[in-house]
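# give the three-dimensional model of this entry:
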Amino acid sequence: MNELRKWENNALNDSNYRNVFNDNVDALNNTISDLRAYNGYTKSRIDNLVLSVSGNDIKEVEDARTSLNGTIHPTLSSRLTAFEQAVASLLATMNERMELYEKTNRDLENQLKAIYGAAENNLEIYVDANKGNDVTGTGALNSPFKTINKAVQQIPRAMNSSSVYINIVPGTYNEDVYIRDKQISAIFIRGTNSASVEPTKAQTGVFVRHINFQDCLGYLSIVGLNQINADQTPQKKGTFVFTRCGYASVGLCRFDDSKAKTNSVPAIVIDSGKGGAHSSYFLNQYAAQIDQYTSHSNFPYTNTGTGNTFGVIADASIVQINPPFLVGATTQTLTKNGGMLV
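The predicted structure is shown next:
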């Protein structure tokens with residue numbers, strides 16, 4: 001039997017999926033045809049042995065005990081038993097393959113429903129750094145993943161009308177999270193305690209090093225997270241970065257790692273997009289928010305803080321400031337390369 005090709009990751013986006021599936025079905029059909037032909041051959045040989053040959057024809061008896069590969073079995077019964085066992089094993093393997101394809105097709109159908117709006121429910125994923133498991137976890141409330149990255153891997157590339165919620169239990173998530181090329185109406189990354197946090201008074205308890213959205217449509221929300229290890233962010237681009245995205249929202253977050261200031265790591269970067277921070281607290285930061293490459297965002301009075309180098313930097317971008325400006329900084333606002341504050 002020819003080796004079947006397995007389902008590959010991201011097969012939904014692979015234009016060759018139909019050919020792979022059809023090739024595997026053809027291989028199974030050819031194997032079944034060969035088995036039927038060989039079964040008919042075996043029956044004819046047995047009929048010849050029983051009906052046309054005398055019991056004294058030793059050569060024919062010996063030939064009946066010889067399989068196609070030349071193996072001579074001690075008795076005809078043992079040869080038939082071996083053949084039946086081989087067929088049973090092959091059929092079991094084929095059944096396993098067919099069950100796999102049925103499951104794959106169900107998964108594919110669910111993804112297509114999500115893409116075209118047939119999915120009725122939002123996608124809820126839970127993460128717990130202390131009790132979660134990326135191997136055995138399912139992302140359910142009672143079976144969370146251990147890392148945010150594992151949760152992000154479960155997000156489909158597109159969903160028509162439903163939203164994605166990644167719910168993070170308080171803990172430390174010292175990881176760099178990248179979310180790329182998602183055509184989804186909304187993605188929320190939030191602490192499970194976000195409804196009760198007060199970032200101006202205390203840390204939120206959900207410590208995350210770096211989240212980076214790239215080329216994602218829709219509403220992108222980060223709520224109730226706390227900055228950690230800012231000096232370890234990739235290329236020191238920023239704690240939360242949004243590049244060419246629909247709308248970025250950062251709320252109820254606390255940025256208080258002083259290493260961000262000493263290493264010139266901005267808290268929030270909006271690159272070629274829209275959005276802004278609100279109700280967040282900035283302490284000893286290099287910059288609370290940087291907008292660049294023709295971004296258009298806002299920075300309301302609900303943001304507060306102290307001890308920062310810069311408050312808002314508008315670099316070839318437009319930032320709407322809703323006064324009063326309550327983020328204490330050596331330079332509260334800075335415009336560069338034609339940037340504007342309105």
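
# list the residues that contact the residue nearest to T304 when sequence neighbours are not counted.
Closest residue to T304 apart from its sequence neighbours, by C-beta to C-beta, 6 or more residues apart in numbering: L326 at 4.5 Å. C-beta coordinates here come from the backbone N, C-alpha and C atoms, glycine included. With contacts defined as C-beta atoms under 8 Å, 6 or more residues apart in numbering, L326 is in contact with Y301, N303, T304, G305.

# quick one, which of these are buried?
Among the contacts of L326, the ones that count as buried by 16 or more other C-beta atoms under 10 Å are N303, T304, G305.

# from T294, how far out is the second one?
As for T304, its distance to T294 is 28 Å (criterion: C-beta to C-beta, to the nearest Å).

# specify the local secondary structure of C245.
coil (DSSP: H, G, I helix; E, B strand; the rest coil).

# for it, grab phi and psi.
phi -120, psi 170 (degrees, to the nearest 10).

# can you get me a residue count around it?
Using other C-beta atoms under 10 Å, C245 has 25 other residues around it.

# isn't it up against G273?
Yes - in this structure, C245 is within contact of G273 by C-beta atoms under 8 Å, at 4.5 Å.

# which helix or strand lies directly C-terminal to the helix ranked longest in the chain?
When the chain is parsed with DSSP state H, its longest helix is helix 76-115. Sequence-wise, the next helix or strand downstream of helix 76-115 (DSSP states H and E) is strand 123-127.

# now do the buried residues in that next one.
Buried positions in strand 123-127, judged by neighbour count with 16+ other C-beta under 10 Å: L123, I125, Y126, V127.

# once you drop chain neighbours, what's closest to the third one?
By that I understand Y126. P144 (4.0 Å).

# by mean pLDDT, flag the weakest helix or strand of this protein.
Using mean pLDDT, DSSP states H and E, helix 58-64 stands out as the lowest-scoring helix or strand of the chain, at a mean of 64.

# helices of this structure, residue ranges please.
17-47, 58-64, 76-115, 148-152, 259-262.

# JSON lines for those, including mean neighbour count?
Formatted as JSON lines, the helices of the chain follow (neighbours: other C-beta atoms under 10 Å):
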{"stretch": "helix 17-47", "mean neighbour count": "13"}
{"stretch": "helix 58-64", "mean neighbour count": "13"}
{"stretch": "helix 76-115", "mean neighbour count": "13"}
{"stretch": "helix 148-152", "mean neighbour count": "21"}
{"stretch": "helix 259-262", "mean neighbour count": "19"}
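
# out of those, nearest to N167?
helix 148-152 (8.8 Å; C-beta to C-beta).

# now, which of the buried residues of strand 123-127 sits nearest F207?
Nearest to F207 out of the buried residues of strand 123-127 is V127 (C-beta to C-beta; 12.6 Å).

# how about the closest one, what does it touch?
V127 sits next to 139, 144-148, 150-151, 166-169, 173 when contact means C-beta under 8 Å, 6+ apart.

# let me see the contact set for S297.
When contacts are counted by C-beta under 8 Å, 6+ apart, S297 touches A248, I270, G273, K274, G275, G276, Q289, D291, S317, I318, V319, Q320.

# let me redo that: T200
Taking C-beta under 8 Å, 6+ apart, we find T200 in contact with Y281, T304.

# just checking, R97 touches L28?
Yes - with contacts counted by C-beta under 8 Å, R97 reaches L28, the gap being 7.0 Å.

# pLDDT value on the residue nearest the centre of the chain, please?
The residue lying closest to the centre of the chain (C-alpha atoms, centre = their mean) is Q153, at 1.3 Å. If you check Q153, the pLDDT there is 94.

# for T75, see how far away R209 is.
Remark: distance between R209 and T75 (C-beta to C-beta) = 70 Å.

# re the thing from before, in strands only, show me the contacts of V127.
Of the positions in these, I166, N167, I168, Y173 sit in strands, assigned by DSSP state E.

# quick one: which of these has the most company?
Using other C-beta under 10 Å as the neighbour test, the ones in strands among the contacts of V127 are led by I168, with 29 neighbours.
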